[in-house]
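Visitor: the following block contains a protein sequence and its predicted model.
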Amino acid sequence: MAENNLPKKRNRNRLKEFYGIKKEDTADKTTDINSDQFHSDVYMKDLLGKKHLHELLGHQTTLLKEIRTLDSEMQTLVYENYNKFISATDTIRRMKDDFKHMEEQMEAVMGNMDSISNFSNDISVNLSDSRQKITKLSSVHNLLTKLQTLFELPTLLRKAIQMGAYPQAVKYYSQAAAILSQYEHVNSFDGIRDDCENTVKLLIQALKDTLSNPEITAAQVVETTDMLVELKVPATDVIQLYLETAHVTLQADIDAVGSPAEDQDILEFLDTTGYAFLGSVSLSISTYKTAFCENPNVTVPDTELEETLSEFAYQHFSAYFEHMQARFTKETQGPDNALLVRGLDRFYRRLQPVHTLLPSASLDRIASEIVTNTIRCRIQHFSDTLHNHYSETVSDVKQSLLVSQPPQFEGQNTLADIMTTMKASLVGKLKLVLVNVKEFISADITFANKPYFRGPFCVHDIKQGLVLKYVEHILKHISTLGDNQPPSLLLVTARLCLEFETNTISYLSTLTEEMFPPDQSAVPEQLTPTVSELTALAHDTVQQVLTRYVNVKGLSISQMIHTSVKTRDWLGAVEPRNVRAAMKRVVEEITDLDTQIGSLFEEGAVRGPNSDSSRRAHSHNGSRIASSKYKYTPSDTESSLLNKLFNDQVEIFGNIQFTKLSILTGIIKIGLKAFLESVRLRTFGKYGLQQVQVDVYYLREYLWRFVEEERLLNFLLEEVISSAVDRCIDPVTMEPSVIMLLCEPS
């Protein structure tokens, strides 16, 4: 028995595992009244062994209550499901009756099916011959119908072409083409085939005419292309025909771009003529892509289609870009910079959708080159404008210095005022140009985010190509000012160059970097000129111009002194009564120069004593030569040679420092050197020598305050006296007291 129960237990456990019933505890459940292993005798023994009498009575009462409750629930369950039990019993009874009827009906159906099968076999046997004939006749009828269609095909094609129903005509021919091809060896079909081919040629020509219409829509292009391809027209021929049609429209637009109306500004030109071409070319490209690139009926490779389209677009855009470059170049010479900037932005912005349609044509790159070239032309125009403004400013300064003052210099009495106004005009014009150029990199400009406008544009085109080149032009032009220019102009421009060297160049460089901050990652190698190079050039220019100014003014005073010495009879001169007028004019000229130069340049440092006490001491020592009659002695000759030796070491045409005293010293040295050379060429009498003494004393009395080293002045003047004594036939000098009396102001 135990062996027979093992499979049952095993099966029961598998069922519990399948339904997810947890395994019960293996403890003894014979005393569990709710367990299927419950045993009443064991249960009673367990109760009697564990409970007292009163507990057994209480437990009995509890069990009676539970039994009554379970009986009540059982009765309720039976009452509630009684109707369902009755209904289920009735249903089972009816199903038994129905199945009996269904068996009878199925037997009847099976008998009928056997009868039908027998009748069908009989009919098939009796009509087998007729059926073969009917099938043959049916195939003949279909063939005749097709032949009838073939005979009527040329007429149907012509009617469809006349009505413009090209899709229907293509459908007719496509359906009959296979039959014509199948029976092409039959001579009877030659006439039909020839008529159809001639008619299809007319159909193809009509479709080509439709495709050649410039006003054809994109949907019509696609439909016409499909029909031509279905008619076995090579896709390359269809593409070529479409491109020729598009070329007619685009060429007309390009011609209009090349010959715009004279009264159109750049924005009107772009909105009308320029926009018409972009609209036409965009439509042509999108239609081409829809009709050919995205059409499964076109079997041309995609690479070939893209290459053909790119060549077509490049051909027309080349002419378009050429006209646009010419128009923008013309606009660069106009006065309205904002209009040009808006025009370039509109041109570049409207070209972006076309570039998106056809990125392989590199339209964005070419458009960027046009914008860049135009801006560079505009910058060159601004550069020319600045150069012209500088020339006009120099001309106005000349006019102010020579004749009458132009409006911008009116009311300015000093050279410093003129120089300040000149500098303000030049710098102000440059600032105005920079403000105009900054419009090219405004935040709302489409092309301003290109790397060129954050690198080379800011550094090469603006800072170096415009600003520093402009300063370089000014400095180089000033350095070429010749001796024929007004001396005061040389003085003003020298001070202007000194201002440039001191602060203006660095200020303009800083201002440019603030207005046009470069992206250092996009800046290529630095070009010339640099700020340091311009500063050095400005310094050299100041040196050149001041040297030229000193030479011009020194020559003017030299000519004045030389003329006064050359035209006077020194042998027959009378006793001197006053200082000669020429010497007074020299002092007056030097005094005027002191005022002019002092308004522009600093005083400068004095080398050696230039005080009144030292002047009186030098004057006393200098006049000692006239304290007694001059006699020729060897010692006098040696003293003269020593003076000449020292004088030869004095550099007359040396470098000029950028101070008032250095400039005046250079002029005075040239004048006194001319005085000395003029004296050496003349022969003097007694009174002629004394007149030279008076003139030299007068010059010493007034010129000492204008030189940076009084020792040089004294040596040159003493050399003049020494030369006059050497060239005098009766070297009797005048008493110093008399000389001082004659030189005192009246």
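Guide: Nice, I can see it.
Visitor: could you export stretch 739-746 as CSV, CA atoms only?
Guide: Output in CSV follows, covering the C-alpha atoms of stretch 739-746 (Å, rounded to 0.1, in the frame of the first residue of the first chain):
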residue,chain,number,x,y,z
ILE,A,739,80.2,150.2,-27.7
MET,A,740,77.8,149.7,-24.7
LEU,A,741,76.6,153.3,-25.1
LEU,A,742,75.9,152.8,-28.8
CYS,A,743,74.0,149.5,-28.2
GLU,A,744,71.8,150.8,-25.5
PRO,A,745,68.1,151.1,-26.6
SER,A,746,67.2,154.7,-27.5
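Visitor: buried ones in it?
Guide: Neighbour-count burial for stretch 739-746 flags I739, L742, C743 (criterion: 16 or more other CB atoms under 10 Å). From N, CA and C alone the C-beta is placed, and that goes for glycine too.
Visitor: sitting in helices, which of the residues you listed do you find?
Guide: Judged by DSSP state H, the buried residues of stretch 739-746 include I739, L742, C743 as members of helices.
Visitor: out of the residues you listed, which comes closest to A252?
Guide: C743 (94.8 Å; CB to CB).
Visitor: pretty sure the closest one contacts V696?
Guide: No - between C743 and V696 there is no contact, the gap being 10.0 Å when judged by CB atoms under 8 Å.
Visitor: ends of stretch 499-507, how far apart?
Guide: The stretch stretch 499-507 measures 11 Å between its terminal residues, going by CA to CA, to the nearest Å.
Visitor: between the buried residues of stretch 739-746, which is closest to P353?
Guide: Of all the buried residues of stretch 739-746, C743 has the smallest distance to P353: 92.1 Å, by CB to CB.
Visitor: tell me the contacts of the closest one?
Guide: Counting by CB atoms under 8 Å, 6 or more residues apart in numbering, C743 touches V579, V694, Y697, Y698, E701.
Visitor: again, 6 Å this time
Guide: V579, Y697, Y698, E701 (CB atoms under 6 Å, 6 or more residues apart in numbering).
Visitor: next step: the residues you listed restricted to helices.
Guide: Y697, Y698, E701.
Visitor: and which of the residues you listed is nearest to E55?
Guide: Closest to E55 out of the ones in helices among the contacts of C743 is E701 (156.8 Å), distances taken as CB to CB.
Visitor: quick one: contacts for the closest one?
Guide: E701 sits in contact with C743, where contact means CB under 6 Å, 6+ apart.
Visitor: TSV for the buried residues of stretch 739-746, including pLDDT and distance to K100?
Guide: Shown next, in TSV, are the buried residues of stretch 739-746 (pLDDT from 0 to 100; distance: CB to CB, whole Å):
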residue	pLDDT	distance to K100
I739	87	176
L742	83	176
C743	84	172
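Visitor: now those in CSV, with distance to H473?
Guide: Below are these laid out as CSV (distance: CB to CB, whole Å):
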residue, distance to H473
I739, 55
L742, 55
C743, 51
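Visitor: closest to K584 out of those?
Guide: Nearest to K584 among the buried residues of stretch 739-746, with distances taken as CB to CB, is C743, at 10.5 Å.
Visitor: could you find the closest non-adjacent residue to E602?
Guide: Excluding its sequence neighbours, the residue lying closest to E602 (CB to CB, 6 or more residues apart in numbering) is T659, at 5.4 Å.
Visitor: could you do L202 as well?
Guide: Closest residue in space to L202, ignoring its immediate chain neighbours: I161 at 6.0 Å, by CB to CB, 6+ apart.
Visitor: and the next element down the chain from the helix or strand hosting N198?
Guide: When elements are assigned from DSSP states H and E, N198 belongs to helix 190-211. Using DSSP H and E, the helix or strand that follows helix 190-211 towards the C-terminus is helix 218-230.
Visitor: which parts of that following helix are buried?
Guide: Within helix 218-230, the residues that qualify as buried are V221, V222, E223, T224, T225, D226, M227, L228, V229, counting by 16+ other CB under 10 Å.
Visitor: quick one, phi psi at the residue nearest to E602?
Guide: Torsion angles at T659 (phi, psi; degrees, to the nearest 10) stand at phi -130, psi 160.
Visitor: quick one: low-confidence parts of this structure?
Guide: 1-28, 127-157, 164, 172-195, 197, 403-413, 520-527, 607-654, 745-746 (pLDDT under 70).
Visitor: before we move on, back to that, residues near the residue nearest to E602, how many?
Guide: 18 (other CB atoms under 10 Å).
Visitor: mind checking how far it is from D592?
Guide: 18 Å (CB to CB, to the nearest Å).
Visitor: L703 too?
Guide: For L703, the distance to D592 equals 14 Å [CB to CB].
Visitor: cool, R378 as well?
Guide: To D592, R378 is 47 Å away according to CB to CB.
Visitor: same question for L534.
Guide: Separation of L534 from D592 (CB to CB): 33 Å.
Visitor: the more surrounded of these two?
Guide: Between L534 and D592, counted using other CB under 10 Å, the more crowded position is L534 (26 against 10).
Visitor: residues in contact with the more buried one?
Guide: Taking CB under 6 Å, 6+ apart, we find L534 in contact with L468, V471, I505.
Visitor: need those in JSON lines (columns: distance to V732, secondary structure and neighbour count).
Guide: Formatted as JSON lines, the contacts of L534 follow (distance: CB to CB, whole Å; DSSP: H, G, I helix; E, B strand; the rest coil; neighbours: other CB atoms under 10 Å):
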{"residue": "L468", "distance to V732": "67", "secondary structure": "helix", "neighbour count": "22"}
{"residue": "V471", "distance to V732": "62", "secondary structure": "helix", "neighbour count": "26"}
{"residue": "I505", "distance to V732": "61", "secondary structure": "helix", "neighbour count": "24"}
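Visitor: could those residues be laid out in a markdown table, adding distance to D569?
Guide: Formatted as a markdown table, the contacts of L534 follow (distance: CB to CB, whole Å):
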| residue | distance to D569 |
| --- | --- |
| L468 | 61 |
| V471 | 56 |
| I505 | 57 |
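Visitor: ok, these vs S310, which is closest?
Guide: S310 lies nearest to L468 out of the contacts of L534, by CB to CB, at 42.4 Å.
Visitor: checking the residue lying closest to the closest one once chain neighbours are set aside next. Helix, strand or coil?
Guide: Using CB to CB, 6+ apart and skipping the chain neighbours, the partner closest in space to L468 is P529 (5.2 Å). Assigned with DSSP: H, G, I helix; E, B strand; the rest coil, P529 falls in the coil class.
Visitor: next, P529: phi, psi?
Guide: phi -80, psi 150.
Visitor: assess the claim that it and K469 are in contact.
Guide: No - P529 is beyond contact range of K469, at 7.3 Å (criterion: CB atoms under 6 Å).
Visitor: which non-adjacent residue is nearest Y390?
Guide: Excluding the flanking residues, the one nearest Y390 by CB to CB, 6+ apart is I474, at 5.8 Å.
Visitor: tell me the buried residues in whatever helix or strand that neighbour lives in?
Guide: The secondary structure element spanning I474 is helix 469-479 (assigned by DSSP H and E). By neighbour count with 16+ other CB under 10 Å, helix 469-479 contains the buried residues K469, Y470, V471, E472, I474, L475, I478, S479.
Visitor: going by distance to T385, which of these wins?
Guide: Taking CB to CB as the measure, T385 sits nearest to Y470 out of those, at 10.0 Å.
Visitor: and the gap between the nearest residue in space to that closest one that is not next to it in sequence and T420?
Guide: Closest residue to Y470 apart from its sequence neighbours, by CB to CB, 6+ apart: L386 at 4.9 Å. Separation of L386 from T420 (CB to CB): 19 Å.
Visitor: quick one: which of these two has more around it?
Guide: Neighbour count, other CB under 10 Å: between L386 and T420, L386 has more, with 22 against 16.
Visitor: what's the neighbour count on the residue nearest to L202?
Guide: By the criterion of other CB under 10 Å, I161 has 19 neighbours.
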